[in-house]
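Q: A predicted structure for the sequence below; I have some questions about it.
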Amino acid sequence: MITSSHPRWGRGIGTFTSPTHRNRLTLSVDLELTGLQAMGQISRLATDGHLPASINTETEIGICTLESALLLSSDPMTIRHLANPPVISGCVRLMKTVIDQRQGTVSPFSYEYGFLCFNLLVLCLNVCLLERWDQLAQPLEMGSHTPYAVAHVWTSIEVSYAVIDQFNLLKDGWDCDWVLGWSTSGGYPRQTLLLPQSDIASILRMLWDDRKLFFKFLTLHTLDVPGLSGLLFVFSRYVTQVCNSEPDRDGDILKTSVYELALRYHLVADAYQGEANLKIIYTNIVDYATWIQTPKHIDEEDSSLIMTTFIKRVDNNDGSDTSLLVGHHPTVLAQLVPFAIDVHSHDLLPEVLRCSIKSGWLWLLRM
């Protein structure tokens, strides 16, 4: 079902094309200043953790404002401006304003507005993390030497490498929460709070509650969405904090949400993000006997999309994607599919079985 356009939130999911910030640009001084002004407007929404009465989101933070801020990510000379944590919180508040007109629930991925807010949120988070890890210089240099690649592509790749490193450090007993401002660690500068945990909880809840459209959004705009390994890393660390401080059922529910979102993302993630995403999946793996008791799809449409995305992924002949497919046990890629089969999606089962056998054989041949 296609969502119709909205006077404030723009075009519905599935009806708009690639955004301007997908393309590499060299911004003029005027465009850079306009982008900085847009960032300033959005960052003010983070004041005191609520929407200030002086800011009219309908007229002042529109699609044009978001697009102006996003353009900063297309130029390696301006992407550093995205290292602005309050903008992340501002985007969280803007995403909460997008409502599904049929159900009356928060649904940021129903419209173009939520798509732009989410992209800006992730781009800012990626740049903030790299700046705190002192790893921003290399992707900016790579961006300068590759004139046809949009600047934020390199930051996404660098974040995926950094996330893998962080999980390896955790495995060796080191602290990695200092980057979020949650702890102090010897040898690292003390950091201010990157993002309130209430905002992290809000983002996770929005993605989980809107996971059908979120997944559809990922499949439609795979090349337009920055890498999510940084965001999923933050989710994973947040869940660990909750589980350690409140060892109750809520922690298990949050862990399940992160686990399932990571499994969905794994169906569309590229080779760089996929390697980091495996760390998220393995870290947040849940009790299998409990997990399989509930279906993993929302409805028939969601089920069909999960199954067809799996089929397309296995049949993809691109070398890097195939190496990701067979480089790890194929059950990781197929974990979601057996529990996301709707009664009306059985026509896809033969292709799912064929692809499952194919991926299994590819994996065995690579052993």
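A: Arrived safely, thanks for sending. No experiment lies behind these values; they were computed from the predicted model shown. Numbers count the residues shown, from 1 in each chain.

Q: Which elements pack onto the host helix or strand of I311?
A: Using DSSP states H and E, I311 sits in helix 300-315. If you count contacts as 3 or more C-beta pairs under 8 Å, 6 or more residues apart in numbering; DSSP states H and E, helix 300-315 packs onto helix 211-220, helix 319-326, helix 331-334, helix 349-366. C-beta: built from backbone N, CA, C; applies to glycine.

Q: Among the ones you listed, which one carries the weakest average confidence?
A: The weakest mean pLDDT among the helices and strands packed on helix 300-315 belongs to helix 319-326, with a mean of 52.

Q: if we can go back for a sec, list the contacts of the helix holding I311.
A: 1, 212, 215-216, 219, 264, 267-268, 296-297, 321, 325, 333-334, 336-337, 340-342, 344-345, 348, 351-352, 355-356, 358-359 (C-beta atoms under 8 Å, 6 or more residues apart in numbering).

Q: S257 against W208, yeah?
A: Yes - using C-beta atoms under 8 Å, S257 is in contact with W208, at 4.4 Å.

Q: Which of the helices and strands in this structure ranks last by mean pLDDT?
A: helix 319-326 (a mean of 52; mean pLDDT, DSSP states H and E).

Q: Flag every buried residue along the helix holding I311.
A: By 16 or more other C-beta atoms under 10 Å, the buried positions in helix 300-315 come out as 302-311, 313-314.

Q: how about those residues in JSON lines, adding pLDDT?
A: As requested, these are arranged in JSON lines below (pLDDT from 0 to 100):
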{"residue": "D302", "pLDDT": "96"}
{"residue": "S303", "pLDDT": "96"}
{"residue": "S304", "pLDDT": "96"}
{"residue": "L305", "pLDDT": "96"}
{"residue": "I306", "pLDDT": "95"}
{"residue": "M307", "pLDDT": "94"}
{"residue": "T308", "pLDDT": "95"}
{"residue": "T309", "pLDDT": "94"}
{"residue": "F310", "pLDDT": "91"}
{"residue": "I311", "pLDDT": "91"}
{"residue": "R313", "pLDDT": "86"}
{"residue": "V314", "pLDDT": "85"}
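
Q: Now do the contacts for L254.
A: L254 neighbours (C-beta under 8 Å, 6+ apart): 204, 238-239, 242-243.

Q: Surely it is within a helix?
A: Yes - under DSSP: H, G, I helix; E, B strand; the rest coil, L254 sits within a helix.

Q: Read off the pLDDT value for it.
A: pLDDT, L254: 94.

Q: same deal with M77?
A: On the pLDDT scale, M77 is placed at 90.

Q: Let me know the angle separating the helix holding I311 from helix 349-366.
A: Computed by axes from the mean of the first three to the mean of the last three C-alpha atoms, to 10 degrees, the angle separating helix 300-315 from helix 349-366 equals 30 degrees.

Q: Run the chain-centre distance for helix 300-315.
A: Centroid separation for helix 300-315 versus its chain: 19 Å, with C-alpha atoms, centre = their mean, to the nearest Å.

Q: the inter-axis angle of it versus helix 211-220?
A: Put simply, helix 300-315 runs at 30 degrees to helix 211-220, going by the same axes, to 10 degrees.

Q: ok now the one helix or strand G114 maps to, how far from the chain's centre?
A: Per DSSP H and E: G114 is located in helix 112-132. Helix 112-132 sits 9 Å away from the centroid of its parent chain (C-alpha atoms, centre = their mean).

Q: Helix or strand next in line after it, which one?
A: By DSSP H and E, the next helix or strand past helix 112-132 is helix 137-145.

Q: helices or strands up against that following helix?
A: helix 151-171.

Q: what's the angle between the helix it packs on and helix 112-132?
A: Orientation note: helix 151-171 sits at an angle of 60 degrees relative to helix 112-132 (the same axes, to 10 degrees).

Q: And for the next helix or strand after helix 151-171, what's in contact with it?
A: Reading on from helix 151-171 to the C-terminus, the next helix or strand found by DSSP H and E is helix 197-209. Contacts to helix 197-209, defined as C-beta under 8 Å, 6+ apart, come from residues 49, 88-89, 92, 95-96, 105-108, 121, 214, 231, 234-235, 238, 241, 254, 257-258, 260-261.

Q: So which of those residues are in helices?
A: Among these, the members found in helices (DSSP state H) are 88-89, 92, 95, 121, 214, 231, 234-235, 238, 241, 254, 257-258, 260-261.

Q: Select, from the residues you listed, the two members most distant in space.
A: S89 and E260 (25.1 Å; C-beta to C-beta).

Q: The two: which is more packed in?
A: When S89 and E260 are compared for neighbours, S89 comes out ahead with 25 against 22, by other C-beta atoms under 10 Å.

Q: Please name the nearest non-neighbouring residue to the more buried one.
A: A46 (3.6 Å; C-beta to C-beta, 6 or more residues apart in numbering).

Q: Roughly how far does that neighbour sit from V159?
A: Distance of A46 to V159, given as C-beta to C-beta, to the nearest Å: 22 Å.
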